[in-house]
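>>> Quick one: sequence plus predicted model below, questions after.
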Amino acid sequence: MSYILQAHYDIITDAADVLKPPKSENARFMTLAGRFEPIDDEIEKIETGFTTAIDNRVEDLEKRRLAIKDEIAALISAQSAH
């Protein structure tokens, strides 16, 4: 796993540690994490040369990954506001 991909993975796992109820009971987080992992895996395959993709595919995947991370950040912010 590349350094950048590890950083994305760390953000998700860190969020899981912060969220209450625990991630296994937080349905929204579990949905987001489930969507994040395959996108992140596909980006990793493209970046490592295992799979090829056209530029707009990579851009689309990166936008989707960022949107999921934004939603996770919003979950954390909403929780810390309570």
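Everything's here; your move. Numbers count the residues shown, from 1 in each chain.

>>> immediately after the lowest-mean-pLDDT helix or strand in the chain, which helix or strand?
Least confident helix or strand, the chain: helix 3-18 with a mean of 58, by mean pLDDT, DSSP states H and E. Once the chain leaves helix 3-18, the next helix or strand it forms, by DSSP states H and E, is helix 27-47.

>>> by contact count, what packs against that next one?
Packing partners of helix 27-47 (3 or more CB pairs under 8 Å, 6 or more residues apart in numbering; DSSP states H and E): helix 3-18, helix 55-81. All C-beta spots, glycine's among them, are computed from the backbone N, C-alpha and C.

>>> ok, for Val58, nearest residue in space, not its chain neighbours?
Ile46 (5.7 Å; CB to CB, 6 or more residues apart in numbering).

>>> thinking that neighbour is in contact with Ala53, fair?
Yes - assessed by CB atoms under 8 Å, Ile46 is found in contact with Ala53 at 4.8 Å.
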